Each structure stands twice: as C-alpha cells, then as structure tokens.
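**Q** Model the following, please.
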Amino acid sequence: GAGGMGEVYVASHVRTGRKYAVKTLPQDSRLSPDAIKRFEREALAASALGHPNIVAVHDFNREGNTHYLALEIGSALAVAHDAGLLHRDIKPANVLLASQKDADERAILLDFGLVKTIDDAMISRITRTGAVIGTPVYMSPEQARGEPLTVTSDVYSHGALVYEMVTGAPPFMDRVLANVYVRLLNDSAERASKVAMRPLPPGLDAVLDRALAKQPSARYPSARAFMSALSELGEEAPSTLRIA
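**A** Sure, this is the predicted structure:
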C-alpha cells in the first residue's frame, strides 16, 4: 500500500518467519529534513506508548536513502492523549482490525506521522508552505483553519469516524475539496439517524452532535468522555460501535 506519508510492505523475518508491516519513506533524494523528522517522530511516539491498541514499533532505521519503520499492530487514542500526544489524522485508512485465534478483533490506530505533543499543537499547524496538515473530511474545523489544537480536535475526528461507521459516509462529503472545507467550517452535520440505512440506538444523534460540535469547548473534553457516552447507549448499539 502507499500514501502521502510513505509505502507499506508485508514482510517476513528471514529467521523467525514472523510477519511484519514495513513502512518506508519514498526513495526520493529530495526528501526534506522535516519529512525525515516527522517519520522518526512517528516511530518514537508510537513505540513509547506501549498499549495493545497502539501500533507497536519494533525498530526504525535507514538503509542508504531508504528510511524504514517496522510495525506490528496496536492502538488507543486516550492513552496517546495521556502521554501528551495528539494524533491529528484519525480516519478509516488509519484504523485496522486485528484478529487472533480465539480472541475478539481489536481496533488498531496507525500512522502517527502527524503526531504532535499537545504543547506544540497549541501553535498553529499550518506548514511553512501554507498547507494545512491532515485529511479534510475528518479534520476538525479549527484544524482546517490552522488554529491551535487540543485533544478536542482528535475527539472531533474520532466522532467523524464513528459517524461514518454507522451511516456509511463521513459528516461532510463532496467531490470538490473546496466545498468540503466550506461545509466543514459553516454547516452542521446532518443527524446520523437521518442518513443511516438502519435504525440507530436512541441517544446516538446527541452523542455525535456533541462530538462534532463546531466549537471545541462544546465537545466532549476527552476521548474517554466520548467513549463513555457511547458505552452508555446500551446493548442495542450497532455492533460496529465496539471499535470506537
């Protein structure tokens, strides 16, 4: 697989046969020092958290001009916040389902390439070239504006992810990227119960409305608070909510 942050390969250890995912930066001699630092920051941030729901980093290094990152599966947004880190790029492409024999599936949060300490994130996250970092369909309004971020920005993105899990589409979607920004900054998301193809549990609309509030202060103050609100919806909640 490949994306804007690099390429990922399936690999087997030549001696143990154990399978890994190996992430590399594009083999491009024009890689900027910032890109390399971001790559190494991802490795250090993910490996330091040591949580079963945070991607485990086994090693990172460089071979000539190839920077690689050996990954195994893991994830937990709340633990990242406890460690003073913001993810800043929560989206379906960065979540995997891991399954083991005789064990339930686990949701694993990947790609800490945009991770920043909370203190650093309090500074505008517009790059030197003027580009906003993140994925517009899932980013918070304040992230889209390049404003200082707190944990509530990740809560918004988490809410957008759950919204798509129960409706099949993110809160704001348009073929034209500029229209996504306009809707994100100005419109309220349509209530999930009106978009979903099946009945949703009572109270879910209100929970998602709060998570997706335009103003950070109106959202859940933490990932744990958001997850607690989801868990209080009861056993009738859609099964996909279990990975939220």
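**Q** What's the mean pLDDT across stretch 154-163?
**A** pLDDT averaged over stretch 154-163 equals 92, rounded to a whole number.
**Q** do the same with stretch 136-145
**A** Averaged across stretch 136-145, pLDDT comes to 90.
**Q** what's the answer for stretch 97-115, then?
**A** Rounded mean pLDDT across stretch 97-115 is 69.
**Q** Quick one: find the helix or strand in this protein with the lowest mean pLDDT.
**A** Of all regular secondary-structure elements in the chain, judged by mean pLDDT, DSSP states H and E, the least confident is strand 66-75 with a mean of 44.
**Q** need the next SSE after that one, C-terminal direction.
**A** Next in sequence after strand 66-75, counting helices and strands by DSSP states H and E, comes helix 77-82.
**Q** Strands of the protein, start to end?
**A** Counting by DSSP state E, the segments of the chain that form strands are 2-3, 6-12, 19-24, 54-63, 66-75, 85-86, 95-98, 106-109, 116-117.
**Q** So what's the residue count around Leu109?
**A** For Leu109, the number of neighbouring residues by other CB atoms under 10 Å comes to 25. For glycine as for every other residue, the C-beta is placed from the backbone atoms N, C-alpha and C.
**Q** Report the beta-bridge partner residues of it.
**A** Applying DSSP bridges to Leu109 yields these beta-bridge partners: Ile54, Val95.
**Q** what's the distance between it and Arg145?
**A** Summarising the geometry, the distance separating Leu109 from Arg145, computed by CB to CB, to the nearest Å, is 24 Å.
**Q** if you skip the residues just before and after it, what's nearest to Lys19?
**A** In this structure, Lys19 finds its nearest non-sequential neighbour in Ser12, 5.5 Å apart by CB to CB, 6 or more residues apart in numbering.
**Q** and what of Pro199?
**A** The shortest distance from Pro199 to any non-neighbouring residue, by CB to CB, 6+ apart, is to Ser193 (7.8 Å).
**Q** Show the contacting residues for that neighbour.
**A** Under the criterion of CB atoms under 8 Å, 6 or more residues apart in numbering, the contact list for Ser193 reads Pro199, Leu200, Leu204, Asp205.
**Q** how long is stretch 92-105 from one end to the other?
**A** Across stretch 92-105, the straight-line distance between its terminal residues is 16 Å, by CA to CA, to the nearest Å.
**Q** Also stretch 211-227?
**A** In terms of CA to CA, the two terminal residues of stretch 211-227 are separated by 10 Å.
**Q** buried residues in it?
**A** Residues 211-214, 216, 219-220, 222-227 are the ones in stretch 211-227 that count as buried (16 or more other CB atoms under 10 Å).
**Q** on that earlier part again, how much space between the residue nearest to Pro199 and Glu232?
**A** Applying CB to CB, the value for Ser193 to Glu232 is 17 Å.
**Q** Tell me where this structure has helices.
**A** Remark: helices of the chain, listed N- to C-terminal, are 33-49, 77-82, 118-121, 141-144, 151-167, 177-186, 192-195, 204-211, 223-231; assignment by DSSP state H.
**Q** Looking at those helices, spot the one closest to Leu25.
**A** Taking CB to CB as the criterion, helix 33-49 is the member of the helices of the chain that comes nearest to Leu25, at 5.4 Å.
**Q** What average pLDDT does that closest one get?
**A** Confidence for helix 33-49, expressed as mean pLDDT, is 68.
**Q** Make residue 1 into 8 and carry on from there
**A** Got it, the first residue is 8 from now on, which makes the last one we talked about helix 40-56.
**Q** hang on, the earlier thing: min pLDDT across the buried residues of stretch 218-234, which one?
**A** Least confident by pLDDT among the buried residues of stretch 218-234: that is Met234, with 85.
**Q** Could you measure from that residue over to Glu149?
**A** When CB to CB is the yardstick, Met234 and Glu149 sit 21 Å from each other.
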